[in-house]
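**Student:** Next one to model:
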Amino acid sequence: MTAITPHLWRHTTYNQFIDLTFNQYLIGTAHPMLIHTGSAPEAPSLLKALKGRKLSYIFVSHFESDECGALSAILNVYPSAKVVTGEVTARQITGFGIKADVITASDGEVLSLGDLELEMIAYPSEMHLWDGLLCYERKSKTFFSSDLMIRFGNSDVNQVTSDWKQEVEAIGVMQIADADRRRTLKERLLTLDVDLVAPGHGPILTV
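**Tutor:** Prediction:
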């Protein structure tokens, strides 16, 4: 794992066939949280990167293979970790027979990780506009954008500089097909005070 800030580490894998980097993040606090698990084939690499560290929570923004495909494998090693996700994904986890202690979170809820606080933000996620969750860490002003802000290519740099308003305005029909829901989310995101964007794909954005 690569250190991004004193409390944030990034694990990456690169798929050359689609020219895309897949990110998972570890928030290291009194109650550590893993943001996404990657797909099932990525589990050995991620578990090796975690190196047996404590893990209290696993955040899953929406039910897709690169967000939670390795969930069962991670829970086999960290059986006491609680899965934090939205109602739709919680239902899918149960429906697919994944045994997990799930915390179903909703828009506006705040989860304390000890030193840090995560605010939950509802959004219509791929691929069927199911209700998903994004999260914003208030103290470090870090926004975990999942699939909203994507850069293709092999992310061989940790961070690039961007502009928060431009990143939000660039969210288009490919990310959220419904125009009204896209507009509502953009308005909500522009109220956040963001210094760092941790995307599901691509380098960290300093904004």
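
**Student:** Keeping just the C-alphas, turn the strand or helix carrying residue 168 into PDB.
**Tutor:** Assigned by DSSP states H and E, residue 168 falls within helix 164-169. What follows is helix 164-169 as a C-alpha-only set of coordinates in PDB (Å, rounded to 0.1, in the frame of the first residue of the first chain):
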ATOM      1  CA  TRP A 164     -13.200  20.500  -7.500                       C
ATOM      2  CA  LYS A 165     -15.900  22.400  -9.400                       C
ATOM      3  CA  GLN A 166     -14.600  21.200 -12.700                       C
ATOM      4  CA  GLU A 167     -14.600  17.600 -11.500                       C
ATOM      5  CA  VAL A 168     -18.200  17.800 -10.300                       C
ATOM      6  CA  GLU A 169     -19.400  19.600 -13.500                       C
END
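
**Student:** Downstream of it, the next helix or strand is which one?
**Tutor:** Per DSSP H and E, helix 164-169 leads on to helix 179-189 as the next helix or strand towards the C-terminus.

**Student:** got a list of contacts for the lowest-mean-pLDDT helix or strand in the chain?
**Tutor:** Among the helices and strands of the chain, strand 159-161 carries the lowest confidence by mean pLDDT, DSSP states H and E, at a mean of 87. Judged by Cβ atoms under 8 Å, 6 or more residues apart in numbering, the contacts made with strand 159-161 from elsewhere in the structure are 4, 151, 203-207. For every residue, glycine as well, the C-beta is placed using N, CA and C.
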